[in-house]
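S.K.: Below is the sequence, then the predicted model.
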Amino acid sequence: MSLVLGLLAAVSWGVHDLCVRQVSQKTGIFASIVAVLAFGCILVTPISIFHWDGPMAKGSLSLALLSGALFGLAAIAHYKAFSIGPVRLVAPIIGSYPVLSVGWAMLTGTPISVLQWMAVGLVIAGVGYVAISDDKEADWQDPKPAILWSIAAGTGFAITFAIGQAAVAHGGEIALMAPTRLAALIVVLAIATILNINWRAQNGLSILALMGVLDTIALGSVISAGGMKSPEFAAVAASTFGLITVVLAAIFLREKMTKRQMTAVATVFVAIAYLGL
């Protein structure tokens with residue numbers, strides 16, 4: 001079930017990234033993130049309030065708030081990395097965060113076999129290959145800033161998911177969705193205010209609302225896996241969102257995929273299927 005939630009997150013983020021192509025250049029990084037998080041808060045707050053009396057471990061709220069704050073920082077790093085660096089450099093670095101997720105699970109006592117590590121490696125390699133071969137960008141300059149932002153984003157996502165899953169390990173995954181997103185929104189707004197960056201979206205609000213729904217579903221899916229077996233594999237499956245974007249673009253936007261790309265996609269899903277055994 002963890003892998004199913006991870007794949008749901010991947011599809012949601014994959015469609016989300018298709019939408020990003022339509023609004024990011026016109027709207028701006030901070031305006032896009034703020035709008036997406038705000039619409040997500042509007043969506044989940046009534047649901048969270050309704051489920052607030054459900055079972056929840058002591059300290060879960062604090063962990064959820066910390067997870068949300070880190071997600072806000074990771075989202076900024078993610079957008080920034082893609083805005084200054086080519087896909088072929090940025091995507092593989094960010095997409096390798098499952099190594100940290102699975103590594104942390106192993107350090108905390110979850111047995112991870114060699115074959116499972118190999119499957120995780122195939123997922124990361126497949127996602128990286130598809131992203132690299134899909135890159136249409138030409139020249140780029142100093143790679144160091146993009147590399148640093150990518151590392152920050154990938155690390156942020158790994159820590160976000162680990163802490164978020166720990167928060168809901170004993171219940172409360174629905175109730176804690178609103179605090180998680182609210183914390184992310186506050187962090188992004190605070191940074192935008194400090195840096196004196198305009199965060200108000202002027203157009204594309206319908207697409208941003210859709211992105212907010214998709215982002216909420218994706219983050220909620222990965223974190224909800226915290227109460228299930230092998231929650232770390234939800235993060236692995238979710239990391240395929242970049243690959244999903246390429247596949248969806250091929251289906252709906254008629255963008256071509258090479259045979260090698262299709263082979264990489266098939267390899268990724270075979271590896272995910274193995275992790276689900």
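M.R.: On my side now, so go ahead. In this text, all values refer to a predicted model and were calculated from it rather than measured experimentally. Numbers count the residues shown, from 1 in each chain.
S.K.: May I have the secondary structure class of the residue of the chain most remote from its centre?
M.R.: Among residues of the chain, the one most distant from the C-alpha centroid is D53; the distance is 28.2 Å, by CA atoms, centre = their mean. D53 falls in the coil class when you classify it by DSSP: H, G, I helix; E, B strand; the rest coil.
S.K.: Ok, A175 next?
M.R.: For A175, the assignment made with three-state DSSP gives coil.
S.K.: how many neighbours does it have?
M.R.: For A175, the count of nearby residues is 23 (other CB atoms under 10 Å). Placement of C-beta: from N, CA and C, glycine included.
S.K.: what's it sitting at in phi/psi?
M.R.: With angles defined as degrees, to the nearest 10, A175 shows backbone torsions of phi -60, psi -30.
S.K.: Surely it is in contact with M56?
M.R.: Yes: in this structure, A175 is within contact of M56 by CB atoms under 8 Å, at 6.3 Å.
S.K.: pLDDT weak spots in the stretch 1-150 of the chain?
M.R.: Across the stretch 1-150 of the chain, residues meeting the criterion (pLDDT under 70) sit at 21-22, 24-25, 87-88, 133-142.
S.K.: which stretches of it form strands?
M.R.: Listed in chain order, the strands found in the stretch 1-150 of the chain under DSSP state E, counting those that start in this stretch amount to none.
S.K.: Okay, helices next: where are they in it?
M.R.: Counting by DSSP state H, counting those that start in this stretch, the stretch 1-150 of the chain has helices at residues 2-27, 29-50, 60-84, 87-94, 98-107, 114-133, 144-167.
S.K.: Can you say which of these is nearest to A271?
M.R.: Among these, helix 114-133 comes nearest to A271, with 4.0 Å by CB to CB.
S.K.: which other residues reach that closest one?
M.R.: Among residues not part of helix 114-133, those counted as contacts by CB atoms under 8 Å, 6 or more residues apart in numbering are 87-88, 91-92, 95-96, 98-99, 102, 236-237, 239-240, 242-243, 246, 258, 260-261, 264-265, 267-268, 270-272, 274-275.
S.K.: Take the residues you listed and, keeping just the buried ones, write it as a ChimeraX select command.
M.R.: Provided next is the ChimeraX selection string for whichever of the contacts of helix 114-133 are buried by 16 or more other CB atoms under 10 Å:
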select :87,88,91,92,95,96,98,99,102,236,237,239,240,242,243,246,261,264,265,268,271,272,275
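S.K.: circling back: how about JSON lines for the helices of the stretch 1-150 of the chain, with distance to L205 added?
M.R.: Formatted as JSON lines, the helices of the stretch 1-150 of the chain follow (distance: least, CB to CB, whole Å):
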{"stretch": "helix 2-27", "distance to L205": "9"}
{"stretch": "helix 29-50", "distance to L205": "7"}
{"stretch": "helix 60-84", "distance to L205": "18"}
{"stretch": "helix 87-94", "distance to L205": "27"}
{"stretch": "helix 98-107", "distance to L205": "33"}
{"stretch": "helix 114-133", "distance to L205": "29"}
{"stretch": "helix 144-167", "distance to L205": "25"}
